[in-house]
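Chemist: what shape does this take:
(3 chains, ligands or ions: 2)
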Amino acid sequence: MEYLLHILILIGIYAILSVSLNLIAGYTGMLSIAHAAFYGVGAYVAALMALNLHSPFLVNVVGAVILSGLLGAVVGIPSLRIRDDYFVIATFAFQVITFSVLNNWISFTGGPMGLPGIPQPTIFGLKISSHLGFLLLVGIFCAITLWIIHRIVRSPFGRVLKAIREDEVFAQAAGKNVAAYKVLVFVIGAGMAAVAGVMYAYYISFIDPTSFTVMESIFIISIVIIGGAGSLWGPVVGAVVLVTLPEFLRFVGLPSSVAANLRQIIYGGLLVAFMMWRPRGFLGEYAFRSGEVRE
Amino acid sequence: MWQLVINIVYSACTIFLVAISFSLIFSTVRFFHFAHAAIITFAAYASYALSAGASAPLPISIVIGLLASSGLGLCLERVVYRPMRNSGASLLILLLASLGLYIVLQNTIALLFGNDTKMIRGPDIAPTVSIFGARLTDVQIAAIATAVAILLAKLYLVDKSRVGLSLRAVAADPELANVSGIKFDWAMGVAFLLGSFLAGVAGVFRALDVGMTPTMGLPMLLLGVVAVVLGGVGKTLGVAIASVLLAFFQQLASWKLGTHWEEAAAFLLLLAFLLWRPQGILGKTLRKVTV
Amino acid sequence: MSDGLLEIEDLTKSFDGVKALDGFSCSVRKAEILGLIGPNGAGKTTLFNVITGFLASEGGKAMFRGINLVGQPAHRIARIGIARTFQDLRLIRQLSVLDNVMLSFRNQPGERLGNLFFRWKNTREREVFHRKQAMSLLEETGLAEKASDPAGDLSYGQQKLLSLVCCLAAKADLLLLDEPVAGIAPEMIERILSIIRKLPTEGKSAILIEHNLDAVMEICNRVIFMDAGAKVSEGTPEEVRNDPKVIEAYLD
Ligand SMILES: Nc1ncnc2c1ncn2[C@@H]1O[C@H](COP(=O)(O)OP(=O)(O)O)[C@@H](O)[C@H]1O
Ligand SMILES: [Mg+2]
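Modeler: Numbers count the residues shown, from 1 in each chain, chains lettered A, B, ... in the order given. Ligands and ions are numbered 1, 2, ... in the order given. Predicted coordinates for the structure are as follows:
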């Protein structure tokens, strides 16, 4: 039973991550491999606040969202100057640098040893300690995230995002401040990823940099793409599939070292297969195009 | 002092080997072939499997390992990328597929060989040579010599040969207006074959020098990519200069801040370049979305 | 020139040393249609790109309602009352025809993030209002039955019509139309021209780039002939048509 709850909690966390990345990549067309960086910053900010300032859970959530959002703005700025694969590389660079800071700024982040002993969260006097409690908490934040994304993408704001994804020049000619939208979308997406990070930090009660690597970023973008970029529920479906599928390996009784590699092989293989035969993913409305070059 | 210079030269050469191998492919196919990182690793492990597993002599293992990595590169091109391209996949879709390929290959290697560091030969037989008081191993000297030879060959043979010219014709013609399908497929094959071979060279040198791990390819590739972006895609000399610059910058960072900041420093430099001069040191202006 | 809506002075733009605009000046009055003709490569499209902020002029100015457009970002220029179409036909092909029109309304509360969460009711009302407006625009122009089709599914002529409708939705005072009837069927040409013809009666002005000289002669109040980035001739359609310099250029 605990195991099942554990899987559901993980699905919830990855759903928040992929739904928020979908806003950046699927709706606005900015393919980013930096999402684990925001996830990590969220987790570390909350953990550091909880450990050093002993501040309450919800305050830490706000702190994590704000800091990660600021970082999101920084990552969003290159999207104004560079695009397509060069932008992917720029986000990659942010991811590597963030990981490097988490890993090497030992006096602050604990370095590779990580931050142990993150206390259990208390909300309105309610201490959350059971798996069920965490599932509820993650479920609530997941629902809020989905509701916000839903409202955004079904609104005129969302229409502008899709326009930017398809043709920035047309969007500008229609009076839309493309630069502001892009940066704002990054701030929103990064803030939401930070929420997932906070959930993770409190749930596991220990964090170290290995949870926020380049590979993790690639995993999150894979969820978005396999689930379906540019659709509201696609990334949720992707999170369910990619989190549960490798769990079956457990039942075959493989040693954990083999299972870890096999798990990666499965999702890497899925990513290749989808790109070859179904680049829109399960539910997707958008397959990544490169900006048309017109002269 | 000399040791520092020699270190920079050596590290520039290792960066250059990867960079030139990546640039060869990237300038032709124009998508980020991340699985190149796995090709680097694959060559090392293939050589290792032959020499340690099948106890073949080291030189022969290495040659076969390099050929195998060429073959793997070509195979990826033919089996995965080409069908995708023919069905009209965008450059970003190809990039994502290559990420998937990288994950599959890297983890397969890890499954087969384990995650621990493997040495292709014992550390005891690494004779060092002293040049003006700076110490270098034979492998390091060989790597420097190879990198310089490849630079010269690329500048004076490949770039001026028919193969080089047709590669560049493809690279210079993004809309493929003047390049036939056959020519394009052929150029693609050559680029992957040559590029994967050179990647293998980089991987084998690395393995000979400090040993191999299944994940060693990605940081190597990323540094190479930084050099390519800094130097300008398809600009052999630019990439060489950028490799030296990058090696120097990394040494500086590791001296001032500590070795573990090398990687972050390299990527900060990359970001600065992407924002300030995305076309690289010697490149022409990047084409942007324009009206 | 007190009734000048747009006053252009000395705009200059070169590409790799080639001058696409070479000290170009002109003015557009309120409620007039100005024809802009000239051979391919004369710099007509470049002029539009400079006016709308997609290219930076290397000098000169373009005054529109007391604001110098040179140096302003494209989206701001689009908001202060200038709408344009593109020679190479830009639309959001993946979005519906209706969405393309709705995208073109300026100043929608729903395009601001805060309003989605704090003024939702008002936002939704405005959206409903805009939808009605967009539908009535589509009805007037005969595109209503295609409203929910992706814009990319329309015929070429319908797409050109749609991009004009998008300019109408912008409620701009000045429309820059880059070859709006090039390459489309005659009856669609008539539909588009009839829309353009009506603009002055609504107090709107337009610059019309067109190679179809008959159309230009018929609906323009004034015509400028340009070549090599500079104005060669200006006057009524009759005057320009009979200008020896224009005749010479066209015979070349
Ligand atoms: N984005 C651009 N980059 C380089 N050259 C351009 C660009 N746009 C236009 N030109 C050049 O400027 C000149 C004028 O082009 P254009 O304004 O499109 O002419 P027209 O619309 O009158 O046919 C041409 O020589 C064209 O090649
Ligand atoms: Mg033109």
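Chemist: where does chain B have low pLDDT?
Modeler: B:122-127, B:171-179, B:278-291 (pLDDT under 70).
Chemist: quick one: the helices in the stretch 1-150 of chain A?
Modeler: A:2-22, A:35-48, A:57-76, A:84-104, A:106-109, A:131-153 (DSSP state H, counting those that start in this stretch).
Chemist: looking at chain C, what residue ends up closest to ligand 2?
Modeler: When scored by C-beta to the ion, chain C has C:Thr45 as its residue closest to ligand 2, at 3.2 Å. Heads up, the C-betas are built off the backbone N, CA and C, glycines and all.
Chemist: circling back: quick one: closest of the helices of the stretch 1-150 of chain A to B:Ser196.
Modeler: B:Ser196 sits nearest to helix A:84-104 of all these, at 19.5 Å, using C-beta to C-beta.
Chemist: tell me which other helices or strands that closest one touches.
Modeler: Applying 3 or more C-beta pairs under 8 Å, 6 or more residues apart in numbering or on different chains; DSSP states H and E, one finds that helix A:84-104 contacts helix A:35-48, helix A:57-76, helix A:106-109, helix A:214-227, helix B:91-113, helix B:217-231, helix B:262-276.
Chemist: and of those helices, who's closest to B:Gln251?
Modeler: B:Gln251 sits nearest to helix B:262-276 of all the helices and strands packed on helix A:84-104, at 8.3 Å, using C-beta to C-beta.
Chemist: neighbours of the one residue in the stretch 1-150 of chain A that gets nearest to ligand 1, how many?
Modeler: Going by C-beta to the nearest ligand atom, ligand 1 is nearest to A:Arg83 of the stretch 1-150 of chain A, at 16.4 Å. Neighbours of A:Arg83 under the rule other C-beta atoms under 10 Å in any protein chain shown: 22.
Chemist: please tell me how far it sits from B:Ala145.
Modeler: Separation of A:Arg83 from B:Ala145 (C-beta to C-beta, to the nearest Å): 40 Å.
Chemist: the stretch 51-200 of chain B: helices as residue ranges?
Modeler: Using DSSP H, counting those that start in this stretch, the helices found in the stretch 51-200 of chain B span residues B:58-76, B:82-86, B:91-113, B:138-153, B:162-171, B:181-210.
Chemist: got the angle for the first one vs helix B:181-210?
Modeler: Following axes from the mean of the first three to the mean of the last three C-alpha atoms, to 10 degrees, one obtains 140 degrees for the angle between helix B:58-76 and helix B:181-210.
Chemist: write out the residues of the stretch 51-200 of chain A neighbouring chain C.
Modeler: Within reach of chain C by C-beta under 8 Å from any C-beta of the partner chain, the stretch 51-200 of chain A has these residues: A:148, A:151-152, A:155-157, A:159-160, A:162-163, A:166-167, A:169-178, A:184, A:188.
Chemist: at 7 Å instead, please
Modeler: Residues of the stretch 51-200 of chain A lying close to chain C by C-beta under 7 Å from any C-beta of the partner chain are A:151-152, A:155-157, A:159-160, A:162-163, A:166-167, A:169-170, A:172-178, A:184.
Chemist: just the buried residues from the residues you listed, in ChimeraX please.
Modeler: In ChimeraX, this line selects whichever of these come out buried by 16 or more other C-beta atoms under 10 Å in any protein chain shown:
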select /A:151,152,155,156,157,159,160,162,163,166,167,169,170,172,173,174,175,176,177,178,184
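Chemist: the helix or strand hosting the residue of chain C closest to ligand 2 packs against which elements?
Modeler: Taking DSSP states H and E as the definition, C:Thr45 sits inside helix C:44-51. Using 3 or more C-beta pairs under 7 Å, 6 or more residues apart in numbering or on different chains; DSSP states H and E as the contact test, the elements touching helix C:44-51 are strand C:4-15, strand C:18-29, strand C:174-178.
Chemist: let's see that with 6 Å instead.
Modeler: Applying 3 or more C-beta pairs under 6 Å, 6 or more residues apart in numbering or on different chains; DSSP states H and E, we find helix C:44-51 packed against strand C:4-15, strand C:174-178.
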